[in-house]
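Engineer: how would this look folded up:
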Amino acid sequence: MSKGFASQADLVEKKETFSELAPGVYALTAEGDPNSGIVVGDDSVLVIDARATPRMAGDLVARVREVTDKPIRHVLLTHYHAVRVLGVTGYPDRVNVIASDVARAMIVERGQADMDSEIQRFPRLFRGREEIPGLTWPTLTFHGEMTLWLGSREVRIIHAGRGHTAGDTIAWLPKEKVLFSGDLVEYGATPYCGDAHFQDWPGTLDRLEALRPAALVPGRGEALTTPDQIREGLDGTRAFLRDLYAIAREGVAAGHDLKAVYDRAMSEMRPKYGHWVIFEHCMPFDVSRAYDEAKGIDTPRIWTAERDIEMWHALEG
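Structural biologist: Prediction:
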């Protein structure tokens, strides 16, 4: 292979930032590594995205203990990807694990394949992976929308629509106007689109924007706390999706093969987006899915560790 596979060579730990967005509402970000959120209620704590391993979840628990001794009672999974969910057993308290019904169905269908695939792609993000006991299973699922009351604090948990995956969930605090978007929005980081629905994703972003958040925590990148930052995060994500899918659609219409479409996408998109975190990692997966969708394949094909390597050889070998 002409360049190292995915992010196997990315071994540099990122600096974490723990910031308060509203009283008792926090974001844990890390220079483009996956983000998590913390919401402190009257009697308990909600964690948004569990992290990749129990050991890494333990680091997040330590952050919680910096600001409260209240028990962690709920963990929300914004979607099914391994890097977001496999740390659940690292929480010391008995937790309710919340996910959309669609996200749970995706764990059933492709959770093990995704776990094996993601650990192979990005080992650094799975520190202590030998401690993962297996797949994470939600204990509470919902259809469409639910409201979690942490005493007097309201958290609306919404299956926002298809985008990054079919099961993407957001957490919205209407009083504080803080939005946790999961990987539906990225900031200075390349959207991973291997399980994406390109044609639906912009409409899902419109629904997020209609909430008019005062602060937005993206899936990757710093917390967005000004109107300009929030607009940049939403518009940048939209533009990436629009540009890539247009290239794929035109390539399919012209009868080009995947390799030709990938080469064009890299040539045209690297000048605009190549400085974003994980650009080189994501693009082979993103172009593969965009090409499939442009050919009429609605349900993303399951990525396996074997398929990952075969695809990478075909596009980069």
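Engineer: CA atoms for contacts and neighbours, from now on please.
Structural biologist: Will do.
Engineer: Tell me how far the strand or helix carrying residue 65 lies from the chain's centre.
Structural biologist: Element membership for residue 65, per DSSP states H and E: helix 54-67. Distance, stretch centre to chain centre, for helix 54-67: 20 Å (CA atoms, centre = their mean, to the nearest Å).
Engineer: Give the pairing partners of the next helix or strand after it; include direction for each.
Structural biologist: Sequence-wise, the next helix or strand downstream of helix 54-67 (DSSP H and E) is strand 72-76. For strand 72-76, the paired strands and their directions (DSSP bridges) read strand 45-48 (parallel), strand 96-100 (parallel).
Engineer: average pLDDT for strand 72-76?
Structural biologist: Across strand 72-76, the average pLDDT comes to 98.
Engineer: Would you mind writing the CA trace of it as CSV?
Structural biologist: Extracted in CSV, the C-alpha atoms of strand 72-76 (Å, rounded to 0.1, in the frame of the first residue of the first chain):
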residue,chain,number,x,y,z
ILE,A,72,-23.8,8.5,36.7
ARG,A,73,-27.2,7.0,36.0
HIS,A,74,-27.6,7.3,32.2
VAL,A,75,-25.3,6.9,29.2
LEU,A,76,-26.6,8.0,25.8
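Engineer: Would you pull up how far that strand lies from the middle of the chain?
Structural biologist: 18 Å.
Engineer: Ok, stretch 150-163 next?
Structural biologist: With CA atoms, centre = their mean, you get 16 Å for stretch 150-163.
Engineer: what about stretch 50-70, distance to the chain center?
Structural biologist: 19 Å.
Engineer: Report the beta-bridge partner residues of the residue nearest to residue 140 when sequence neighbours are not counted.
Structural biologist: The shortest distance from residue 140 to any non-neighbouring residue, by CA to CA, 6 or more residues apart in numbering, is to residue 98 (4.9 Å). With DSSP bridges as the criterion, residue 98 is bridged to residue 76, residue 140.
Engineer: Lovely, talk soon.
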